[in-house]
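Peer 1: next one to model:
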Amino acid sequence: MCITELQTTHENTLLAYLPGLTNVEHVFHPIVNIHTGQLFGVEAQVHDNHRAGFENMADLIDTARKKGLRHQLDMYLRQKVFTEFFRFKQKHPVKLFYKLDPRICRSPDYRPGRSLELLRQQGQVPADVCFELPANPGMGDASASDVADRYHLQGYRIAITNFDIHTSGLQLFDNLAPDYVKIHQRFFKNLQEHPKNRLILTFLIEFAHLMGCSVVAWGVRNKEEFIQCRESGCDMIQGNFVQPPEHNLASVRQEYESIGKIPKKDRRVHVDKDRSLIASETKYLEPVLSDCTVVNIFDQFRKNRAVSFFPVIDHNGEPLGIIQETAFKEYIFSKFGRQLLENPSFGKDISRFVTKIPVADVHSSVESLIESYTRFNNNEGLLMVENMQYIGVLSTNSLLKLINEKNLTLARNQNPLTQLPGNNLINEYLSQSLADAENIHHLIYFDFDHFKPFNDRYGFRNGDRLILMFAEMIKKTAFSENRFVGHVGGDDFFMGIRNSTLETVEDQMSALASEFQKNAESFYDSDTVKNGFLLAGDRQGKEQKLPLMTVSVAILELPDGNKNNLTVEDTANMLARLKKKAKHSDTGIAAARLQNILSG
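Peer 2: Presented below is the predicted three-dimensional model:
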């Protein structure tokens, strides 16, 4: 019986027991690059299972399992998805993500190689399909590992869904060696209320990257979650923020421009500067294809004696790891090494020689690249991608150049005393805040009161200590990515806060000013603190009583939307007038909204 006839027989048997199965449909959920919005893949999800006469998918699966047709059910649904997806793929070079229950290999109707037959019938390759395995308790058994190994050897990709920090999840990760990791939304939603989740999220992403995996944030609902995921290092996102699941694949777009525009509008990271640095140091090293033979690679090393490794990519240009020259040493020096490599049963599969190293996106920050490299501690560097396609290698020497360049740039833009961003970065932040039409910004200027008399009495060293104390205080208040702090110079500081309210900012700055006043008293001698004033001479030499040190705070609220073509100089002048007002205020704080200043 030919393959087609066999499939028809299996299908007829399945439909005889489950006649409503023909009504079951799938929906498709796009997965896009988090930096550019470029479509990377779609996840197929079973929908309308109630039309087959079942309340949920679990009931449908249980019924098929009891009748010994679990694998037939999966193949029937898989064939429907493959047919629709590969029509879509003719115009869109993307990957299919498909959920896989590893327990199907225990079903009495299980027959390996069925998916490969379906792909060959449609002229497709396994690298276009990624099977998703759940990272939940009970899935870390031998069947999951065996299924992952089997599919990997055939050229498919493997993803772990709902990956978490529990031992079972990490153990499964080690067993399955996945290509992708999907992180559930519970780790990135409401991070302000659950700061512990931020640490967990960062750990999971770093761990996955160190193991050479790409990370998908699953279930992203809004812009704030998107920003959290991007800044934490996720590579791709999936969720209703991009697009809800769709029955019609034609409604899935090749590029989601709104996603790609967010990093450009969000100016908290210097994407363009870092990208130009990274791109200049990324060198293209000719890769080898994952389906080439060991002999072919062995010959490549002989022809390119200066090369110690080759990147390995699939037919879509996605990097899978590297093959190092040292991997062939035991064969080079063994008596029958060459003959073994030329043996078709051995030399056709190069996966045993592939080593995974960190893969990084060209849009990443220099700091994240350096962290990935130092944590992995390899000698080859990083494989660089753009839209998940290989573009070159960032070598160890190139990374050292990036570190040096960043240190020089940092030194030029930092205040030498406090190490806080200096005037260049403060002005850059002001420009970006004025250009941001989507968010509310609060610009805050701090200036010590009666600092000069203190400096004259107690010396500049104690003055510097006081400045450093305040610098540490405002650093602690910058507890989220929505905050920026800088040191203008001397006893003048700056802070920017995004997406807060004027009332909240006033309360926080009032508390900060009170804390500073209390801490500053410890820098005076006990008699001065007891008296509540400092005896100091004025410019004419006449002794006078001066108040102890406080800090004046000027707060300017910039609304979202149009800023009336306000310039940085205009903003600085408004803050200066508010600072003067604050110094004559009983509270030491002066706050105003931009629209009130312009209308008054």
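
Peer 1: ok, residue 356 touching residue 321?
Peer 2: Yes: here residue 356 reaches residue 321: they are 4.3 Å apart, a contact under C-beta atoms under 8 Å. Every residue, glycine included, has its C-beta placed from N, CA and C.

Peer 1: and for those two, which residues touch both?
Peer 2: Common contact partners of residue 356 and residue 321 (C-beta atoms under 8 Å, 6 or more residues apart in numbering): residue 212.

Peer 1: relative to residue 287, how far out is the nearest residue to residue 369 once chain neighbours are set aside?
Peer 2: Distance criterion C-beta to C-beta, 6 or more residues apart in numbering; nearest residue to residue 369, sequence neighbours excluded, is residue 360 at 5.3 Å. Residue 360 sits 16 Å away from residue 287, going by C-beta to C-beta, to the nearest Å.

Peer 1: ok, residue 104 next?
Peer 2: Using C-beta to C-beta, residue 104 is found at 34 Å from residue 287.

Peer 1: kindly report the same for residue 248.
Peer 2: 36 Å.

Peer 1: after the strand or helix carrying the residue nearest to residue 369, which helix or strand is next?
Peer 2: Using DSSP states H and E, residue 360 maps to strand 359-361. The first helix or strand that comes after strand 359-361 along the chain, using DSSP H and E, is helix 366-376.

Peer 1: now what about that following helix, what contacts it?
Peer 2: 206, 209-210, 233, 274, 277-278, 357-358, 360, 381-382, 394, 396, 399, 402-403, 406.

Peer 1: buried ones among the residues you listed?
Peer 2: 206, 209-210, 233, 274, 277-278, 357-358, 360, 381-382, 394, 399, 402-403, 406 (16 or more other C-beta atoms under 10 Å).

Peer 1: in strands, which of those residues fall?
Peer 2: Per DSSP state E, strands hold the following members of the buried ones among the contacts of helix 366-376: 360, 382, 394.

Peer 1: which of those residues lies closest to residue 576?
Peer 2: Top of the list for closeness to residue 576, among those and by C-beta to C-beta, is residue 360 at 43.3 Å.

Peer 1: hmm, back to that, in helices, which of the contacts of helix 366-376 appear?
Peer 2: Secondary structure defined by DSSP state H assigns 206, 209, 210, 274, 277, 278, 396, 399, 402, 403, 406 of the contacts of helix 366-376 to helices.

Peer 1: contacting residues for the closest residue to residue 187 other than its chain neighbours?
Peer 2: Ranked by C-beta to C-beta, 6+ apart and with sequence neighbours excluded, the top spatial neighbour of residue 187 is residue 201, at 4.5 Å. Contacts for residue 201 (C-beta under 8 Å, 6+ apart) come out as 183, 187, 188, 191, 228, 232.

Peer 1: what of residue 311?
Peer 2: 285, 287, 288, 319, 321, 322, 383, 390, 393.

Peer 1: which helix or which strand is home to it?
Peer 2: Secondary structure (DSSP H and E) places residue 311 in strand 309-313.

Peer 1: who's in contact with the spatially closest residue to residue 494 that is not a sequence neighbour?
Peer 2: Nearest residue to residue 494 in three dimensions, chain neighbours excluded: residue 486, at 4.4 Å (C-beta to C-beta, 6+ apart). Applying C-beta under 8 Å, 6+ apart, we find residue 486 in contact with 415, 420, 421, 422, 423, 425, 426, 429, 493, 494, 495.

Peer 1: now the fourth one. Nearest residue, chain neighbours left out?
Peer 2: Just to be clear, that refers to residue 422. residue 415 (4.9 Å).

Peer 1: thinking residue 517 is in contact with residue 547, fair?
Peer 2: No: contact criterion C-beta under 8 Å: residue 517 and residue 547 do not qualify, at 10.0 Å.

Peer 1: and the two? which has more neighbours close in?
Peer 2: Per other C-beta atoms under 10 Å, whichever of residue 517 and residue 547 has more neighbours is residue 517, with 15 against 11.

Peer 1: I figured residue 78 hits residue 100, correct?
Peer 2: No: Residue 78 is beyond contact range of residue 100, at 9.1 Å (criterion: C-beta under 8 Å).

Peer 1: can you tell me the helix or strand for the residue nearest to residue 187?
Peer 2: When elements are assigned from DSSP H and E, residue 201 belongs to helix 195-210.

Peer 1: in the stretch 201-350 of the chain, which spans are helices?
Peer 2: In the stretch 201-350 of the chain, the segments counted as helices under DSSP state H, counting those that start in this stretch are 223-232, 257-265, 271-281, 294-303, 329-332, 337-342, 344-347.

Peer 1: list the buried residues for the fourth one?
Peer 2: This points to helix 294-303. The neighbour-count check on helix 294-303 (16+ other C-beta under 10 Å) flags 294, 297, 298, 300, 301 as buried.

Peer 1: and if you look at the third one?
Peer 2: Buried residues in helix 271-281, defined by neighbour count with 16+ other C-beta under 10 Å: 271, 274, 275, 277, 278, 281.

Peer 1: which parts of the stretch 51-200 of the chain are strands?
Peer 2: Secondary structure of the stretch 51-200 of the chain by DSSP state E, counting those that start in this stretch: the strands cover 95-99, 129-134, 157-163, 180-183.

Peer 1: any idea which of those strands is most buried?
Peer 2: strand 180-183 (a mean of 25; mean count of other C-beta atoms under 10 Å).

Peer 1: partners of that one in the sheet?
Peer 2: When sheet partners are counted by DSSP bridges, strand 180-183 sits next to strand 157-163 (parallel), strand 214-218 (parallel).

Peer 1: CA atoms of the first one as CSV?
Peer 2: Included here for strand 157-163 are C-alpha records, laid out as CSV according to Å, rounded to 0.1, in the frame of the first residue of the first chain:
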residue,chain,number,x,y,z
ARG,A,157,13.5,22.9,15.7
ILE,A,158,12.4,22.4,19.3
ALA,A,159,10.8,25.0,21.7
ILE,A,160,10.0,24.8,25.4
THR,A,161,6.8,26.6,26.4
ASN,A,162,6.0,28.0,29.8
PHE,A,163,9.6,27.8,30.8
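
Peer 1: which one among the ones in strands among the buried ones among the contacts of helix 366-376 gets closest to residue 474?
Peer 2: Out of those, the member with the shortest distance to residue 474 (by C-beta to C-beta) is residue 360, at 32.2 Å.

Peer 1: hey, what's that closest one bridged with?
Peer 2: With DSSP bridges as the rule, residue 360 is bridged to residue 384.

Peer 1: model confidence for residue 242, exactly?
Peer 2: Residue 242 carries a pLDDT value of 95.

Peer 1: for the spatially closest residue to residue 73 that is not a sequence neighbour, the count of nearby residues, please.
Peer 2: If the residues on either side of it in the chain are set aside, residue 73 comes closest to residue 64, at 4.0 Å by C-beta to C-beta, 6+ apart. Using other C-beta under 10 Å, residue 64 has 23 other residues around it.

Peer 1: gap between residue 64 and residue 110?
Peer 2: In terms of C-beta to C-beta, residue 64 sits 12 Å off from residue 110.

Peer 1: who touches both of those two?
Peer 2: By C-beta under 8 Å, 6+ apart, residue 64 and residue 110 have these common neighbours: residue 70.

Peer 1: more neighbours: which of residue 248 and residue 287?
Peer 2: residue 287 (20 against 10).

Peer 1: tell me the contacts of that one?
Peer 2: Neighbours of residue 287 in contact, by C-beta under 8 Å, 6+ apart: 310, 311, 312, 313, 319, 390.

Peer 1: look up how far residue 39 lies from the residue nearest to residue 369.
Peer 2: 21 Å.

Peer 1: got it, and residue 542?
Peer 2: Taking C-beta to C-beta, one finds residue 542 at 76 Å from residue 39.
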